[in-house]
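> Give me coordinates for this.
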Amino acid sequence: MASDVMAKPHQLIASDRVEGTAVRRPNGDMIGHIERLMIDKVTGKVSYAILSFGGFLGIGANLLPLPWGRLRYNTKFEAYELDIDDEELRRAPSFRADKDFDWGDRAKEAELHRYYRMPPYWGGF
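Below you'll find the predicted structure:
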């Protein structure tokens, strides 16, 4: 009976299956991959995907916090889709792998949402 449940298509995915998933442009070109997700502890909703971008074999890569709503899953590529060019990604708010984004600084989060032209997950600017 348990195998019947697992065989049915559904809209949910486990977080460990999202981590490592490719992020591509609408034409299929590879941008990077999802390093991790940031989940709001109170609402339980995914707030950000952390995109690993640039570098070589993960060395020297920048981590870009993307508002979750900026990504769309593309079943054709089995990847998340992001319609943004490399120059925009290079200018985007980011942090190095050996440092972390200051998630306690709401002004930095607001800046991030303005950059991507996305309303903040907590509402308003």
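
> residue boundaries of the strands in the chain?
Counting by DSSP state E, the chain has strands at residues 22-24, 30-39, 46-53, 62-67, 72-74, 79-81, 95-96.

> Check which residues of the second one are buried.
By neighbour count, and taking 16 or more other Cβ atoms under 10 Å as the criterion, the buried residues in strand 30-39 are 31-36, 38. The C-beta positions use only the backbone N, C-alpha and C, and glycine is treated the same way.

> how about these in TSV, adding pLDDT?
Below are the buried residues of strand 30-39 laid out as TSV (pLDDT from 0 to 100):
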residue	pLDDT
Ile31	93
Gly32	93
His33	94
Ile34	96
Glu35	92
Arg36	93
Met38	93
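
> Dump the residues you listed to TSV, plus distance to Gly123.
Formatted as TSV, these follow (distance: Cβ to Cβ, whole Å):
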residue	distance to Gly123
Ile31	29
Gly32	29
His33	30
Ile34	25
Glu35	26
Arg36	24
Met38	17
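
> Closest one to Asp102 out of those, please.
Using Cβ to Cβ, Met38 comes nearest to Asp102 of the buried residues of strand 30-39, at 12.4 Å.

> Looks like the closest one contacts Lys45 (just checking).
No. Using Cβ atoms under 8 Å, Met38 is not in contact with Lys45; the gap is 10.2 Å.

> which sections of the chain are below the confidence cut-off?
Residues of the chain meeting the criterion pLDDT under 70: 1-7, 55-60, 97-98, 124-125.
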